[in-house]
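Colleague: Here is a sequence together with a model predicted from it:
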Amino acid sequence: MSATTSPVESTGQAPSPAAIVDIAFAYQRTFALKAAVDCDIFTAIGEGHRTPADIAKARGIAERGARVVCDYLTTTGLLMKDGSSYSLAPDAAMFLDRRSPAYMGSVLAFLASPQNVEYSANAAEAVRAGGTRDLATMVPENDVWELFARAMSSFMALPAMLSAQLADIDAAAETKVLDIAAGHGEFGFAVARRFPKARIVAADWAPVLSVTRDRAKEAGLSERFSELPGDAFEVDFGTGYDLVLVPNFLHHFNEATNVTFLRKIAAALKPQGQVIIVEFVPNDDRVTPPIAARFAFTMLTNTQEGDAYTRAEFDRMLEAAGFESIEERPLLPTPQTAIAARKK
């Protein structure tokens, strides 16, 4: 647009503050959603309690509160309204009704935790400094990762299952799989379900592994599960792995640190062993797709030097660490991407 061209002439529309106001109030979406999850409103509606009075009675909350939060969530597209009756939109029915096997309401306990909210509230400091100066999340044994493991399993179950389809190991042989920052264990469990002779070694902080251990027992995988507690950069992985899983880990660190860590993984793998990385991977333009692109801001506010890395950047890191045959697969319909490669 030239200096003499008006916004109306350029776009056909007059400038509006609506988008700015919407973004300024966006934090309310998070907490309206969290309130509805905490009050179990989505499940109530799924059970057939459709009016504010019925929802309020079923969940022991105020009728006014039920009406206002349901109206708000209707404006976001999670609910639908007909007269004074609400129903679940398809996404809410699938992911926010506790009776659904795909229920993921638990993620709010981590994503909207006081610590994460504080990081976002201090975003200006991170912008000025190029990252957060608070390294609490990387302190050994930080209980935030135990919370992550308990809260995020439902969100990670689908990308874990989809990424396991990239695993290329011998289903007929005893195989050894290392799951880095195992947490909830979903990525290792998905591989174990696909390969009945695979044994999973879960690496994470000791308190987090107590969660992983319980979930392995629930999944009936205890006999093929072992633990490797400690700092992933310092603990001895050993050798002879057929596959190493690195889900949602590398985004915490800068490229040089990641190359060093990937070399450690290469040393632990058998010749032609495989690594599978799962991350939010934006396109080279860094603004698409939106969720993956926005994750860079999460890393700016939550880490000192982490980022949402592009495919080209992952290629560069993997090649520098001694990997080849790099393959990328978007894990649709989730916003994550898996990248698989082989040790040279």
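Modeller: All right, it came through fine. Note that this is a predicted model, so its numbers are computed, not measured.
Colleague: From now on I want contacts and neighbour counts done on CA atoms only, so please keep to that.
Modeller: Noted.
Colleague: if you go through the stretch 101-250 of the chain in chain order, where are the helices?
Modeller: Here the stretch 101-250 of the chain has its helices, by DSSP state H, counting those that start in this stretch, at 108-111, 114-121, 123-129, 144-151, 153-164, 186-194, 206-218.
Colleague: now the helix or strand Ala66 falls within, how far from the centre of its chain.
Modeller: Element membership for Ala66 (DSSP states H and E) is helix 63-76. Chain-centre distance of helix 63-76: 27 Å, with CA atoms, centre = their mean, to the nearest Å.
Colleague: so how far is the next helix or strand after that helix off the chain centroid?
Modeller: Note on helix 63-76: by DSSP H and E, the next helix or strand toward the C-terminus is strand 79-82. Offset of strand 79-82 from its chain centre (CA atoms, centre = their mean): 29 Å.
Colleague: what residues does strand 79-82 touch?
Modeller: Identification of contacts with strand 79-82 by CA atoms under 8 Å, 6 or more residues apart in numbering yields 70-71, 73-74, 86-89, 92.
Colleague: Pull the most distant pair out of those residues.
Modeller: Spanning the widest gap among the contacts of strand 79-82 are Asp71 and Ala92, at 14.4 Å by CA to CA.
Colleague: more crowded one of those two?
Modeller: Between Asp71 and Ala92, Ala92 has the larger neighbour count (other CA atoms under 10 Å), namely 20 against 17.
Colleague: any idea which element that one lies in?
Modeller: Using DSSP H and E, Ala92 sits in helix 90-95.
Colleague: can you tell me the average pLDDT over stretch 264-277?
Modeller: Average pLDDT, stretch 264-277: 98.
Colleague: Can you name every helix or strand that the helix holding Ala66 contacts?
Modeller: For helix 63-76, the packing partners by 3 or more CA pairs under 8 Å, 6 or more residues apart in numbering; DSSP states H and E come out as helix 27-38, helix 52-59, strand 79-82.
Colleague: Need the residues that contact it.
Modeller: With CA under 8 Å, 6+ apart, helix 63-76 has contacts from 32-33, 36, 41, 51-53, 55-57, 79-81, 86.
Colleague: and that helix with helix 52-59, angle?
Modeller: Interaxial angle of helix 63-76 relative to helix 52-59 (axes from the mean of the first three to the mean of the last three CA atoms, to 10 degrees): 110 degrees.
Colleague: that older thread, mean neighbour count, the helices and strands packed on helix 63-76: which tops it?
Modeller: Mean neighbour count, computed with mean count of other CA atoms under 10 Å, is highest for helix 52-59 among those, reaching a mean of 19.
Colleague: hmm, back to that, of the helices of the stretch 101-250 of the chain, which shows the lowest average pLDDT?
Modeller: helix 144-151 - the lowest mean pLDDT of those, at a mean of 86.
Colleague: other SSEs contacting that one?
Modeller: helix 108-111, helix 206-218.
Colleague: Now do that helix: everything it contacts.
Modeller: Under CA under 8 Å, 6+ apart, the answer for helix 144-151 is 106-110, 137, 183-184, 207-208, 211-212.
Colleague: and what of stretch 185-202?
Modeller: Taking CA under 8 Å, 6+ apart as the rule, stretch 185-202 contacts 153, 156-157, 160-161, 163-164, 167, 171-182, 209, 212, 215-216, 219, 221, 224-229, 245, 247.
Colleague: tell me how far the ends of that stretch are from each other?
Modeller: With CA to CA, to the nearest Å as the measure, stretch 185-202 spans 8 Å from end to end.
Colleague: what residue ranges in the protein score low on pLDDT?
Modeller: The chain contains residues with pLDDT under 70 at 1-11, 135-141.
Colleague: ok so, going back, make a ChimeraX selection of the buried ones in the contacts of stretch 185-202.
Modeller: The following ChimeraX line selects those of these that are buried, judged by 16 or more other CA atoms under 10 Å:
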select :153,156,157,160,161,163,164,167,175,176,177,178,179,180,181,182,209,212,215,216,221,224,225,226,227,228,229,245,247
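Colleague: Can you point out the buried residues in stretch 256-268?
Modeller: Quick answer for stretch 256-268 (16+ other CA under 10 Å): 257-259, 261-268.
Colleague: who touches that stretch?
Modeller: Taking CA under 8 Å, 6+ apart as the rule, stretch 256-268 contacts 233, 237-241, 244, 250, 273, 317-318, 320-323, 343.
Colleague: Just the buried residues out of these, in PyMOL syntax.
Modeller: Of the contacts of stretch 256-268, the buried ones go into a single PyMOL selection, burial set by 16+ other CA under 10 Å:
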select buried, resi 237+240+241+244+250+273+317+318+321+322+323+343
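Colleague: Pick the one among the contacts of stretch 256-268 closest to Ile23.
Modeller: Leu250 (29.0 Å).
Colleague: In contact with that closest one, which residues?
Modeller: 258, 279, 306.
Colleague: Would you mind measuring from it to Phe233?
Modeller: To Phe233, Leu250 is 12 Å away according to CA to CA.
Colleague: How about Ala89?
Modeller: From Ala89 to Phe233 the distance is 44 Å (CA to CA).
Colleague: swap in Ala171?
Modeller: Going from Ala171 to Phe233 by CA to CA gives 30 Å.
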